[in-house]
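>>> sequence-free structure coming up:
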Ligand code: GLU
């Protein structure tokens, strides 16, 4: 009996050591956004795909809730995170050294793939009377925390619409996860969120006693923005996803894409494993969030402006996608 136990223990240990799983688990952290957004469940979906094969790859991915795109880029570059979900406009700006990275191009930033579309969403209390951007005058508007992606989109929109956040209204810098509660408490009149739909934050805002509406952006303003910035595209917010919202039709706005990024020195085999698990099990991945419904493998290779990480490139070539 004792002999048998020793034998099976030896077999078990040698199995563990031969796969190297125990000896060399690689821990990677994915930066996301607020827990009521789409980035947080997206980090969860990606980590779920790769963690399933922990014995094969020896990778353990964990997810961190963060302040959003700008925070994620900076934390990846400083080595605090290995991966992050980042707006496509932010990826472009960071790599090329514009906006928050003015004169400081982040040349080690690497693209992995694109994910869901995100629209610049402005949720306003119906009773505030805000129907368009010009109605912001004299109101309290949350344009987003400095680490967020939406703050830059808000600033670009305000400039295109001819509004000055320092003079025309009171601008707040709250995190997205706090916005719905603050709107319902009457402490802000509207908030910006660049986000995929449906999401928990907008659902929370719509479910409150204060009726809310999506603020529409005029065609001419959208045109100004898409003409000036190649990373913006016209978009609309589907009202059918939010029963009870004041809008009767889908709200016109502009948008970007969520993308998955990393750093040049993150090992090729780690990036390869993540990409392989997401793409080889694509139908399963797509079921993990309703915002992924329209994804195709091809669409996930569009909207990238930093160079594609070699570990991801290896998979795309093998799969005939590039
Ligand atoms: N786009 C937002 C940002 O970059 C986050 C959206 C989300 O968490 O789904 O800050």
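Received, thanks. In this text the structure is predicted, and so the values were computed from the model without any measurement.
>>> going forward, measure contacts between C-alpha atoms and count neighbours the same way
Noted.
>>> so where's the stretch 51-200 of the chain uncertain?
Under the criterion pLDDT under 70, no range of the stretch 51-200 of the chain is flagged.
>>> could you pull out the helices for the stretch 101-250 of the chain?
Using DSSP state H, counting those that start in this stretch, the helices assigned to the stretch 101-250 of the chain run over residues 150-161, 176-184, 200-206, 219-228.
>>> closest to the ligand out of the ones you listed?
Proximity to the ligand (CA to the nearest ligand atom) singles out helix 150-161 among the helices of the stretch 101-250 of the chain, at 5.7 Å.
>>> when you scan stretch 143-163, is anything in it near the ligand?
Yes - under the criterion of CA under 6 Å from any ligand atom, the ligand is reached by stretch 143-163 at 148-150.
>>> Flag every residue of this structure that's near the ligand.
Counting by CA under 6 Å from any ligand atom, the chain sits next to the ligand at 33-34, 37-40, 68-69, 86-87, 148-150, 194-196.
>>> still on that earlier bit, among the residues of stretch 143-163 next to the ligand, find me the one that's closest to residue 75.
Comparing those against residue 75 with CA to CA places residue 148 closest, at 12.8 Å.
>>> Which residue does the stretch 201-322 of the chain have closest to the ligand?
When distances are taken as CA to the nearest ligand atom, the stretch 201-322 of the chain reaches nearest to the ligand at residue 258, 7.0 Å away.
>>> Near that residue, how many other residues are there?
Using other CA atoms under 10 Å, residue 258 has 30 neighbouring residues.
>>> Okay, angle between the host helix or strand of it and helix 150-161 too, please.
Assigned by DSSP states H and E, residue 258 belongs to strand 251-263. Relative orientation of strand 251-263 and helix 150-161, computed by axes from the mean of the first three to the mean of the last three CA atoms, to 10 degrees: 140 degrees.
>>> Tell me the strands beside strand 251-263, with direction?
strand 83-87 (antiparallel), strand 109-125 (antiparallel), strand 233-237 (antiparallel) (DSSP bridges).
>>> chain center to that strand: distance?
Between the centre of strand 251-263 and the centre of its chain there are 7 Å (CA atoms, centre = their mean, to the nearest Å).
>>> Next SSE downstream of that strand?
For strand 251-263, the succeeding helix or strand toward the C-terminus, using DSSP H and E, is helix 268-280.
>>> by contact count, what packs against that next one?
Helix 268-280 sits against helix 39-51, helix 310-318, with contacts defined as 3 or more CA pairs under 8 Å, 6 or more residues apart in numbering; DSSP states H and E.
>>> Just the residues contacting that helix, thanks.
For helix 268-280, the external contacting residues (CA atoms under 8 Å, 6 or more residues apart in numbering) are 46-47, 49-50, 57, 59, 112, 285, 297, 309-312, 314-315.
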